[in-house]
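1. Here's a sequence, model it:
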Amino acid sequence: MSTQENKTRSKVVEFLAKEFKLPNSQIETNFFRSTDAMGLTELGHRVMSKVFRFHQYKVEGQMLAKHYLGLRCLDYPYYLTEHWLILYNSEDTTLLELYGSATEFLEAFADGA
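-> Predicted structure coming up:
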């Protein structure tokens, strides 16, 4: 993970730990899919969507492994399903809108954008 990603993740974990009166380790385990990426679990998304503003985008076509790997470059939390990409920060949202669609955004990151 990048330094920015580590800082952002730490802030999110600390905020949620205080909010729900849980240890940081429990937030890490239950809210994030892995320790080295910002992808949220379903529970993480449900909680984050009640606390933070988000933007939802339709994903057209099949999700490939390269798309999942490309998303590891994101510095802010995101939630991905088979048909939806949900972003929690305006930088990623703006970038996605410049690409024109969630599918193009995913392809760009898969290609190492």
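
2. ok, Leu43 to Phe32 distance?
-> Noted for Leu43: a distance of 10 Å to Phe32, by C-beta to C-beta, to the nearest Å. In this view, the C-beta of every residue, glycine as well, is placed from N, C-alpha and C.

3. pLDDT weak spots in the chain?
-> 1-2, 112-113 (pLDDT under 70).

4. My guess is Pro23 contacts Ala17. True?
-> Yes: look at Pro23 against Ala17 with C-beta atoms under 8 Å: they come within range, at 6.6 Å.

5. So for this structure, the centremost residue is which one?
-> Geometric centre of the chain, nearest residue: Tyr78, 1.6 Å, by C-alpha atoms, centre = their mean.

6. My guess is that residue contacts Gly39. True?
-> Yes: between Tyr78 and Gly39 a contact is recorded at 6.2 Å, counting by C-beta under 8 Å.

7. shared neighbours of the two, anything?
-> Common neighbours of Tyr78 and Gly39 (criterion: C-beta atoms under 8 Å, 6 or more residues apart in numbering): Leu71.

8. Now do the helices in this protein.
-> 3-20, 24-31, 42-51, 65-70, 90-99, 102-110 (DSSP state H).

9. Out of the ones you listed, which gets nearest to His83?
-> Taking C-beta to C-beta, helix 102-110 is the member of the helices of the chain nearest to His83, at 9.4 Å.

10. I'd like to know how many residues surround Lys18.
-> 11 (other C-beta atoms under 10 Å).

11. quick one: it and Ile27, what's the gap?
-> Distance, Lys18 to Ile27, by C-beta to C-beta: 10 Å.

12. swap in Leu43?
-> As judged by C-beta to C-beta, Leu43 and Ile27 stand 10 Å apart.

13. ok, the two, which is more surrounded?
-> Set Leu43 next to Ile27 and count neighbours by other C-beta under 10 Å: Ile27 wins out with 22 against 10.
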